[in-house]
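[1] Here is my input, please return the structure:
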Amino acid sequence: MSLRIFLHPYQPPGARGRLVAMAETMLRRIERLSGDDSCPKLRGWPLLVGFLAAVPAGALLLVRAAGHGHTVPTAIYVAALVALYGIGWIYHLLQWSPVARSRLRRLDHAVIYLFIAATYTPVVVVGLHDAVGYWLLAATWAGAALGATAKLVRFEGSRIIGGTMYIVVGWIAIFGMHDFVVRLGVVDTILMFGGGVAYTAGAAVLAARRPDPRPELFGYHEIWHAMVLAASALHYVLIWRVVG
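    Prediction:
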């Protein structure tokens, strides 16, 4: 299925009108829509920076991992990293019709779950490589699959539980802290949990919608994106160390 067909599927005139009306109603609930003239001027730009960095950084990481026989788990992480920032900047920075924007928003939220699980994958497969790690990884992927499906199928109904699921899936590693410290060492464990703290702090800002320093330029949503950049940078360094 092409992107054009996905974003602009054929609907009978009456059905299409109802879909557009429903999408517009839903989107009016969101303050300062992404891709709207009223949103902060820097909305989406941090994600574009992340995407432009993720492509060459991901390629370098794959070369490093391939030299040590860790291509597959690393490729899973790199694919999710590029998808996270790619879908993110396309959704936030460009202007779309209400229906297309609604579909991209679902993808934008769903890919976060997959990125969480993909980030754990090389850390567990290469770094831990034990039963505890594989159980944690299985639980992470199961939670990610459930959360992503909920976002794609029942977006509005998953808003409250979806936010909680991000935190739960992201912090499953806490149950294996002892193994992470023993297997990875103190520095890598700090990188891993430091990234988790950065993501969680950004999510708290997004949920509270404050601080909102300059709503016309750089608001609470941009703080969230900045924290995502910082957290993913910490985890990239972690994975670089682990797979090499």
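[2] Please make it C-alpha for all contacts and neighbour counts, starting now.
    OK.
[3] So what's the residue count around Ala226?
    For Ala226, the tally of surrounding residues (other C-alpha atoms under 10 Å) stands at 19.
[4] show me the contacts for the nearest residue to it once chain neighbours are set aside.
    Excluding the flanking residues, the one nearest Ala226 by C-alpha to C-alpha, 6 or more residues apart in numbering is Pro46, at 6.5 Å. Residues near Pro46 by C-alpha atoms under 8 Å, 6 or more residues apart in numbering: 222, 225-226, 229.
[5] separation between Pro46 and Val111?
    Taking C-alpha to C-alpha, to the nearest Å as the measure, Pro46 falls 17 Å from Val111.
[6] Pull out the buried residues from stretch 86-102.
    Neighbour-count burial for stretch 86-102 flags 86-93, 96, 98-102 (criterion: 16 or more other C-alpha atoms under 10 Å).
[7] Check stretch 152-168 too.
    For stretch 152-168, a neighbour-count test (16+ other C-alpha under 10 Å) marks 152, 155, 158, 162, 165-167 as buried.
[8] got the contact list for that stretch?
    Here stretch 152-168 makes contact (C-alpha under 8 Å, 6+ apart) with 106-107, 110, 113, 143, 147, 150-151, 200.
[9] could those be laid out in JSON lines, adding secondary structure?
    As requested, those are exported to JSON lines (DSSP: H, G, I helix; E, B strand; the rest coil):
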{"residue": "Arg106", "secondary structure": "helix"}
{"residue": "Leu107", "secondary structure": "helix"}
{"residue": "Ala110", "secondary structure": "helix"}
{"residue": "Tyr113", "secondary structure": "helix"}
{"residue": "Gly143", "secondary structure": "helix"}
{"residue": "Gly147", "secondary structure": "helix"}
{"residue": "Ala150", "secondary structure": "helix"}
{"residue": "Lys151", "secondary structure": "helix"}
{"residue": "Thr200", "secondary structure": "helix"}
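[10] Thank you, goodbye.
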